[in-house]
Each structure stands twice: as structure tokens, then as C-alpha cells.
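Participant: Give me a model of this one.
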Amino acid sequence: MVAVESITVNYGERRALDAVSLLAAPGEWHGVLGPNGGGKSTLFRVLATLLRPDAGRFTIAGETDPGKIRPRLGVVFQTQSLDRRLTIVQNMEAQGNLYGLSGPVLAGRIGQLLRQFQLSGREHEPVQQLSGGLARRVEIAKALLHEPAVLLLDEPTTGLDPVARREWLDLLTALRRERELTVLMTTHLLDEAERCDRLTLLHQGRVVTGGTPAELTAEVGGDVVEFGTADPARVAARYPEGNPRTGPDWIRFETPAGARFAAQVTEALPGVIQSITVQKPTLEDVFFRHTGARL
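Facilitator: Residues are numbered from 1 along each chain as shown. I've put the predicted structure just below:
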């Protein structure tokens, strides 16, 4: 449904995207995971037909022409695109008119989405009176009015508190199944990425790896052990196995038996270790393994 082939974007002398490729199958929830400044929003702008790439190509729903792609897209931007002085229904009517919808067809779709997004009874409230979570519901409802095939979401939960963010993601999960939508979402948050069917990890404008969340964490294997220490070089020299990575006051290892290894290191280097963390691999560990950087 979405095919990106070697997209490259330059901002002057800075390369924002470097030959980025990804595939999202019909009905798939595909996440683009990476830190801020990694190129996610630039890729979003390209796919939303707001920015022409310097090289490469992409297709959405089989289309390559921007004029044919736009009617197939629903877009939720990182920053709010609602008119805060208008009511919910006025915002949705304006959006529908932009796509040539009017009369009973538009009214019917608005009513259906208001019910589905639990906004019935509040449709005549100005957006400025809504909580962040409710305003985000209006954003996605508005994006679905013209029944797109692909939904683009750029850091969609920005500014939401944890409860509102979880409710929004639950709603999106149910919505995707009901409508068989293809969703492409950028995020730097691990719990959001774990909900995706497949992920593309992006760092400094380049794809570093991709796959299902389970496939990616299986790359690491075993446990991840991190020690807080003022002398990481000493620990690394004593234990070169376990793919050690170091920072100014920490060192981390990948090892099959994390608790046993942590006890061994602490006993062998008394006074050197200040703190210990042992955990199963996460997507952040996968990202760190490929880039040496943290999300």
C-alpha cells in the first residue's frame, strides 16, 4: 500500500534523508521509530506530498502523482490543524467541503464518526474548550471523513498526558481493525512502537534496521545488563565479551544470564560498580545496538 524507494532529501548541505526505503502492506500498522531530528518528520512531509524529494520515488495505493495520492490519504499532523474557534462539527464540515463532500452524505459521515469517537453531544462545543485527548480524537475523525486508504500520523500523541495517550492508541487500534486501514506512524515512544505490526528504525536520516517488534528484540537475545560506574573502561577491559558499549559513567552488556553476570562483575570489581540494571531486551536496546545512541 505504501512503497518508499531510496528517498533522499537535502536541506542545503545537510542530508535529512539518505536513500530511505520501506514497505507497508495493506492493512498494516507500520511505525517509523527514531529520535527527534532523525528524519521522521521529513519523511512524513514527503509522503504527505508537501515536500518533493531530491532523489528516489514512492507510491501510495499504487499512485505516484501527488494529485491522485492526496484523496487516498488521511493526515494527522504533529501540531494541531483544527480551528480552535470553530465547533467540532464546523471543523468537520469545513474538512468535508475541501474533499467535495456536502449535504446528506457529509452529514451522515460526520454523525457516524462522532458516534464512533464518542463525541456525540459535544459536537457544538468550540475546539478550544476540549481537552487535548478529545481534540486529538477530532483530528483523526476529520482525517477519516473522505474514507482514505492510508492514514499518516506524525507523532500523533504529542502533548497528551499518559492516560489520554493510551486511550487514543486504543481507539486507533480498534479503528484500524474495523476499517482495514493502512497506518503509517512516526514516533519516538517505545510503547507506541510496540503496538505496530512492523517497524522501520530511522537514525540520522538512514534506515538502520526493520522488522516486527518481536523479530527486532530477538536480535539482541538474552538479557541487557547496564552498570553505573565511574570507570567503564576498566569494566570493559575485564569483560570484553557481551558486546560492551560504554558511556561516560555507564557500560552495558548483552548476555544470556543477566543476573548471574551482574553478580559476577560486582564481586570481581568491588567498589567499581555503583548501580545495576538487568532487563529483557527492548526496542531501545535494538536501536542502541545498531546506532550506539539512545532514543
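Participant: To what extent is R14 buried, counted in neighbours?
Facilitator: 8 (other Cβ atoms under 10 Å). The way it works is simple: take the backbone N, C-alpha and C, and place the C-beta from them, glycine included.
Participant: Same check on the one 4 residues further on?
Facilitator: Applying the criterion other Cβ under 10 Å, we find 17 residues in the vicinity of D18.
Participant: ditto for P270
Facilitator: Counted by other Cβ under 10 Å, the residues lying close to P270 total 7.
Participant: For it, which three-state class applies?
Facilitator: coil (DSSP: H, G, I helix; E, B strand; the rest coil).
Participant: Next up, the contacts around the residue nearest the centre of the chain.
Facilitator: Taking Cα atoms, centre = their mean, the centroid of the chain lies closest to T187, which sits 2.4 Å from it. Going by Cβ atoms under 8 Å, 6 or more residues apart in numbering, T187 touches G31, V32, L33, K40, E155, P156, T157, A193.
Participant: which one of those is nearest D231?
Facilitator: L33 (32.8 Å; Cβ to Cβ).
Participant: burial measure for the closest one, as a count.
Facilitator: Count around L33 with other Cβ under 10 Å applied: 30.
Participant: Quickly list what it is bridged to.
Facilitator: Beta-bridge partners recorded for L33 (DSSP bridges): T187, L201.
Participant: hang on, isn't L189 packed against L160?
Facilitator: No - at 10.6 Å, L189 does not count as touching L160 under the criterion of Cβ atoms under 8 Å.
Participant: From I276, how far out is the residue nearest to T186 when sequence neighbours are not counted?
Facilitator: Closest residue in space to T186, ignoring its immediate chain neighbours: K40 at 3.9 Å, by Cβ to Cβ, 6 or more residues apart in numbering. Using Cβ to Cβ, to the nearest Å, we find K40 at a distance of 33 Å from I276.
Participant: neighbour count winner among those two?
Facilitator: Shown here are K40 and I276; by other Cβ under 10 Å, K40 has more neighbours (25 against 17).
Participant: so how far is the helix or strand harbouring I69 from its chain's centroid?
Facilitator: Using DSSP states H and E, I69 sits within helix 66-69. Relative to the centre of its chain, helix 66-69 is centred 24 Å away, using Cα atoms, centre = their mean, to the nearest Å.
Participant: Pairing partners for the following helix or strand past it, with directions?
Facilitator: Next helix or strand after helix 66-69 toward the C-terminus (DSSP H and E): strand 73-76. In the sheet, strand 73-76 lines up against strand 150-154 (parallel) (DSSP bridges).
Participant: send the alpha carbons of the strand it pairs with over as CSV?
Facilitator: Listed next in CSV are the C-alpha coordinates belonging to strand 150-154 (Å, rounded to 0.1, in the frame of the first residue of the first chain):
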residue,chain,number,x,y,z
VAL,A,150,-3.9,5.2,4.1
LEU,A,151,-3.6,7.2,7.4
LEU,A,152,-0.4,9.2,8.0
LEU,A,153,0.3,10.1,11.6
ASP,A,154,3.2,12.3,12.6
